[in-house]
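In: task: produce atomic coordinates for the following.
(one chain, ligands or ions: 1)
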Amino acid sequence: MRLIDHYQKFCETLVGVYSISETNDLFKRLLFGFFEWEPTILGLSPDKILDAQQIQQLDDALLRIQKNEPVQYIIGKTYFRDLKLIVSPATLIPRPETEELVEWIISDFDTSAPKSILDVGTGSGCIALALQNNFSKATITAIDKSAAALAVAQKNATLLDLPVRFEHHAIEQLPLPDVPFDLIVSNPPYVHRDENIAPNVRDYEPHMALFAPQENPIYFYEQIAAYGKKALKSGGVLYFEINPLDRKELMKMLLKNDYVHPEIRSDIFGNFRFLKAIKS
Ligand code: GLN
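Out: Below is the predicted model:
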């Protein structure tokens, strides 16, 4: 079978599910993800002959795409800032908004790098690894209560040769550090149970990483703020990715807990998505 024939099959099968341009994009992402073929190959070598194994791989992927599975899980990797990361259904797929959060931190510390950082609910490790890649001398600890997510994060650290310390803890049981942290960052689960979310997210990504506790959507933020009260040095900084719906309550909660100068920033989509505050 030629490459162009397989592309044709993709387009025909996904009519009504994805637009032609989305299908084209998905197909090219699979070609790169599976075989590292550049997106130009379809135009340059449409008559390239696929071997049986390649056809099988693309056919399996097509079935999964029809069922709304995110392409990042199908190819098993994604990109976050300048890093290539493994992802599995044990972890959330890193989002472009989270890249912006990392960007904010890096720009705040462009003259003096933080010495010690804690990342709470690290998932694939994206935030901790991107920070370690930028602040090479910092000691970075990253925790998650999911052992399966930590295994993915640890694999990413090994492949990237970045010395983040991944530890299996829930925030409620995290011991205090010997030396206080300069910075705590977190992108905890924040989607409200009654929010509408896309089926490809709801049906495939880990609910433990997505949904905030129903009875108290800011529960994890409260836990992290309380921990930070003891574990951050004075003048240390807290950075959160947030649900815009929670922003007012989060500001109030932080001010009540001795944090000062809370600041909210929007993401590229114009949503109030990030919150920073200083420990007094
Ligand atoms: N941004 C993710 C989403 O909207 C949720 C991430 C999270 O809950 N921390 O799907």
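
In: who's in contact with the closest residue to Pro96 other than its chain neighbours?
Out: Once flanking residues are discounted, Pro96 sits nearest to Ile268: 6.7 Å by C-beta to C-beta, 6 or more residues apart in numbering. For glycine as for every other residue, the C-beta is placed from the backbone atoms N, C-alpha and C. For Ile268, the contact set (C-beta atoms under 8 Å, 6 or more residues apart in numbering) comprises 96-97, 100.

In: distance check, the residue nearest in space to the middle of the chain against Leu42.
Out: Centroid-nearest residue in the chain, with C-alpha atoms, centre = their mean: Pro94, separated by 2.3 Å. Pro94 is 27 Å from Leu42, where distance means C-beta to C-beta, to the nearest Å.

In: who does Lys77 form a beta bridge with?
Out: Ile86 (DSSP bridges).

In: separation between it and Thr91?
Out: Counting by C-beta to C-beta - Lys77 and Thr91 are separated by 12 Å.

In: looking at the two, which is more packed in?
Out: The residue with more neighbours, out of Lys77 and Thr91, is Thr91; 28 against 15, by other C-beta atoms under 10 Å.

In: helix/strand/coil for that one?
Out: coil (DSSP: H, G, I helix; E, B strand; the rest coil).

In: tell me if I'm right that it and Pro206 touch.
Out: Yes. Between Thr91 and Pro206 a contact is recorded at 6.9 Å, counting by C-beta atoms under 8 Å.

In: show me what whichever helix or strand Phe10 is part of is packed against.
Out: In this structure, Phe10 is located in helix 3-13 according to DSSP states H and E. Taking 3 or more C-beta pairs under 8 Å, 6 or more residues apart in numbering; DSSP states H and E as contact, the helices and strands that helix 3-13 lies on are helix 20-35, helix 41-44, helix 52-66.

In: for Ala157, find the nearest of those.
Out: Closest to Ala157 of those, according to C-beta to C-beta: helix 20-35, at 21.1 Å.

In: what lies in contact with that closest one?
Out: 7, 10-11, 14, 18, 37-39, 41-42, 54, 57-58, 61, 65, 71, 74-77.

In: and for stretch 42-57?
Out: 1-4, 6-7, 24, 27-28, 31, 34-35, 41, 58.

In: how about the residues of the stretch 51-200 of the chain near the ligand?
Out: Remark: the part of the stretch 51-200 of the chain in contact with the ligand comprises 92, 95, 187-191, using C-beta under 6 Å from any ligand atom.
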